[in-house]
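Peer 1: turn this into a structure:
(chains A and B)
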Number of protein chains: 2
Amino acid sequence: MSNDVYIIGAGETKFGELWDKSLRDLAVEAGLEAIKDANIYSKDLQMLYASNSLAGTINEQSNIAALAADFSGIAENHVPAVRVEASTASGGAAVREAYLAIKSGEYDVVMVGGVEKMTDIYGTEIIDVQSSILDREWESFNGATPAAMAAIAARRYMHDFNVEREAISMVAVNDHANASLNPDAQYRNKITVDQVLNSDPVAEPLNVFDCSPITDGASAIILASEGFVKKNRIDGVRILSSAMAEDYLALHSRKSIYTLESTKIATEEALKKAGIKREDVSFLELNDSYSIYGLLELEDMGFAEKGKAKDLVYDDIKLNGRLPVNPSGGLKAKGNPLGATGVSQFFEAYLQLKGKAGQRQVKDARYALLHNMAGTGATSVVHVVGE
Amino acid sequence: MSNDVYIIGAGETKFGELWDKSLRDLAVEAGLEAIKDANIYSKDLQMLYASNSLAGTINEQSNIAALAADFSGIAENHVPAVRVEASTASGGAAVREAYLAIKSGEYDVVMVGGVEKMTDIYGTEIIDVQSSILDREWESFNGATPAAMAAIAARRYMHDFNVEREAISMVAVNDHANASLNPDAQYRNKITVDQVLNSDPVAEPLNVFDCSPITDGASAIILASEGFVKKNRIDGVRILSSAMAEDYLALHSRKSIYTLESTKIATEEALKKAGIKREDVSFLELNDSYSIYGLLELEDMGFAEKGKAKDLVYDDIKLNGRLPVNPSGGLKAKGNPLGATGVSQFFEAYLQLKGKAGQRQVKDARYALLHNMAGTGATSVVHVVGE
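Peer 2: Alright, predicted model coming up:
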């Protein structure tokens, strides 16, 4: 048996500023929903992978895998629970660990849950904590923030390739258009290019509508082995491939500040392992924490030449376009609860590939390409999920 | 091929208050030493697992796997890097992930590096950060610290089983005796039972000599597949089994406050998978972050009836005794750099099983049983390592 890995269930909280829910509330809600959706019992679970980026700092809580296992009732069965962290790529990285664990033959049914409760702190405090995803000694101790680093890349990119500011805005416009169709999304209002251009500046040339928001939320999926799926005649969605790559942590160490080398390598490997071509991809979920990254990612994932993603963002990436991007609403509009974000891409892929995405359903969805990234590109995790 | 997993190299920094070394300095030092010891090139590495408990808070740095990959030069090869966290069981959990990754067939050569730089903050600040490993809302927000929780268990245990305070002290005495023979240890002075009993109180009945110290340090090991080991004719040390189990996070939720259920289950599973019996074990490395845990662990790992570990701690656990415990010097005396601690147990096992442990060599060492635990017992990871 090839020991393929399948998604057999998925759950998610609403994304947003959820003042009445704690870290553990969110984790439990998404986890139990996934268990219910998979139509299994919690005692069927053999391992829990928890993805979280910043709970140690924001919520002053370590070992949140144990916390989630405890409060969702699965610690009663003593199943192992571990947290996986790779900054904002934690979700993709956690799915990857679960995928490898099933591939190893050790487990048949595993949960991956991602959670972030960001609104427990606010203002400059959250910006400072977020800046821990950069190289603290060489970048953020000197005042750099993730938005500032994205802005530096954007400025140089616009200059070198003569890219108009409007093209960058289109990434956010597309996210909001899709999120308007997603009941879980943080922002369900459509926005225009003019609104992005006239929103408050954050780090020139990026405005507040170019930046993913502060989000509370959790997502969970259940993965199962081929053996389990066949035995129980489950119609799951297959993870065709998983790939991960690293780059230098600090932006200044990279060969090019607008080239996401880790994304390039992980995408190439994921497609190769899955045995599919770019033209086979039905839709993309991209890690557009800042709108500029939407363009860079389209290029470094091989869907456009460097500097040419602007040709895709006005039409092709739309929900009914040639290459739909972020049908979920993406990081900008669905929301970006850091540790949950990468897992929530799988939630979306699961719905889409099962034909259950409602109003935002991508037509004839067969293969999803999911891209999760840490900070300015130090880590990228790419998965191909298919029928 | 059975696809067994081998340790083929190990490296470690000195443990202690290392004022002149940063988090990244420590990670790089241990990692490069392990690469050198394994006699491989850094380009041979296919994945890095980083274990760390509290860098997000203590050092305000996330994504330390990327940081370590960057500064040790392996990010140049774009190898994936991910952090694994399970509080103070992070090290064992990270080795376990690496073990599963090799078992999956995805990788042949993987590094696991554990690091903690704890002296970047001090006083009540470090105690508060350490308390994040408890249930923050139900335990530490109300003033509980890890030492206080250990003390509560100790008090009740002493009462229920009529255990003398001296027996608890012997765990620390044994650690210091062994550490006196370990050049990497934080404390190389021998201590007496009287010194433990007369040291400053921390949380009654535990004194400062019952508590593992604040430690900076890093450990790293290189794991390789059976295929790689055979092809390159490497004389590695085999990981016979890996097991992990969970319990409720908060102490008050447990059925018994002096029974480490997660340790019990993980040990049973590890021994069973390895196909060895307790009497086959040459030595133990135990997670004795507080001396009381040394006794509880001996019992819950099945080497003594509950309440009877006191019969082992005066003689049997000595380096030349029937069941040597912590030849490394253990958490109390070798030191307890949280994220590195679990990995450093493998460093010790590697040396011992290769017959390279110098003055602290356990005679005829064949099988090591390694126990790494989170906080008051929420998570336990147990491995059997052998010839």
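Peer 1: which stretches in chain A count as strands?
Peer 2: Taking DSSP state E, the strands of chain A run over residues A:5-12, A:47-51, A:81-85, A:109-117, A:201-203, A:206-207, A:216-225, A:237-246, A:283-285, A:367-374, A:379-386.
Peer 1: partner strands of the shortest one, with direction?
Peer 2: The one in question is strand A:206-207. Neighbouring strands of strand A:206-207 in its sheet, by DSSP bridges, are strand A:201-203 (antiparallel).
Peer 1: cool, the second one as well?
Peer 2: Strand A:47-51 has these partner strands in its sheet, going by DSSP bridges: strand A:81-85 (parallel), strand A:109-117 (parallel).
Peer 1: and that strand with strand A:216-225, angle?
Peer 2: 140 degrees (axes from the mean of the first three to the mean of the last three C-alpha atoms, to 10 degrees).
Peer 1: can you get me a residue count around the residue lying closest to residue A:276 once chain neighbours are set aside?
Peer 2: Excluding the flanking residues, the one nearest residue A:276 by C-beta to C-beta, 6 or more residues apart in numbering or on different chains is residue A:367, at 5.8 Å. Using the backbone N, CA and C atoms, a C-beta is placed for each residue, glycine as well. Residue A:367 has 20 neighbouring residues, counting by other C-beta atoms under 10 Å in any protein chain shown.
Peer 1: ok, now which ones touch the closest residue to residue A:273 other than its chain neighbours?
Peer 2: Closest residue to residue A:273 apart from its sequence neighbours, by C-beta to C-beta, 6+ apart: residue A:241 at 3.6 Å. Neighbouring residues of residue A:241 by C-beta atoms under 8 Å, 6 or more residues apart in numbering or on different chains: A:269-274, A:383-384.
Peer 1: buried residues in the worst-scoring helix or strand of chain A on mean pLDDT, which are they?
Peer 2: The weakest-scoring helix or strand in chain A, judged by mean pLDDT, DSSP states H and E, is helix A:124-130 (a mean of 92). Within helix A:124-130, the residues scored as buried using 16 or more other C-beta atoms under 10 Å in any protein chain shown are A:126, A:129-130.
Peer 1: could you dump those to TSV with distance to chain B?
Peer 2: Below are these laid out as TSV (distance: C-beta to the nearest C-beta, whole Å):
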residue	distance to chain B
A:126	13
A:129	8
A:130	9
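Peer 1: tell me which of these is nearest to residue B:143?
Peer 2: residue A:129 (24.6 Å; C-beta to C-beta).
Peer 1: looking at it, that closest one is touching residue A:57, isn't it?
Peer 2: Yes. Look at residue A:129 against residue A:57 with C-beta atoms under 8 Å: they come within range, at 4.9 Å.
Peer 1: number of nearby residues for residue A:337?
Peer 2: 33.
Peer 1: wait, I meant residue A:166
Peer 2: Number of residues near residue A:166 (other C-beta under 10 Å) recorded here: 15.
Peer 1: how about it: what's its closest non-neighbour residue?
Peer 2: Nearest residue to residue A:166, sequence neighbours excluded (C-beta to C-beta, 6+ apart): residue A:193, at 5.3 Å.
Peer 1: who's in contact with the residue most central in space within chain A?
Peer 2: Centroid-nearest residue in chain A, with C-alpha atoms, centre = their mean: residue A:342, separated by 2.8 Å. Residue A:342 is in contact with A:51, A:88-95, A:114, A:287, A:370, A:372, A:381, counting by C-beta under 8 Å, 6+ apart.
Peer 1: one more: residue A:221?
Peer 2: Taking C-beta under 8 Å, 6+ apart, one finds A:7, A:9-11, A:34, A:95, A:111-112, A:343, A:346-347, A:350 in contact with residue A:221.
Peer 1: how close does the closest residue to chain B within the stretch 201-350 of chain A get to residue A:329?
Peer 2: Nearest to chain B in the stretch 201-350 of chain A, going by C-beta to the nearest C-beta, is residue A:244, at a distance of 3.6 Å. Residue A:244 sits 25 Å away from residue A:329, going by C-beta to C-beta, to the nearest Å.
Peer 1: that older thread, tell me what the residue nearest to residue A:276 is bridged to.
Peer 2: Going by DSSP bridges, residue A:367 forms beta bridges with residue A:386.
Peer 1: quick one: contacts for it?
Peer 2: Residue A:367 touches A:240, A:274, A:276, A:280-282, A:384-387, counting by C-beta under 8 Å, 6+ apart.
Peer 1: of these, which is the most crowded?
Peer 2: Top of the contacts of residue A:367 by neighbour count (other C-beta under 10 Å): residue A:385, with 29 neighbours.
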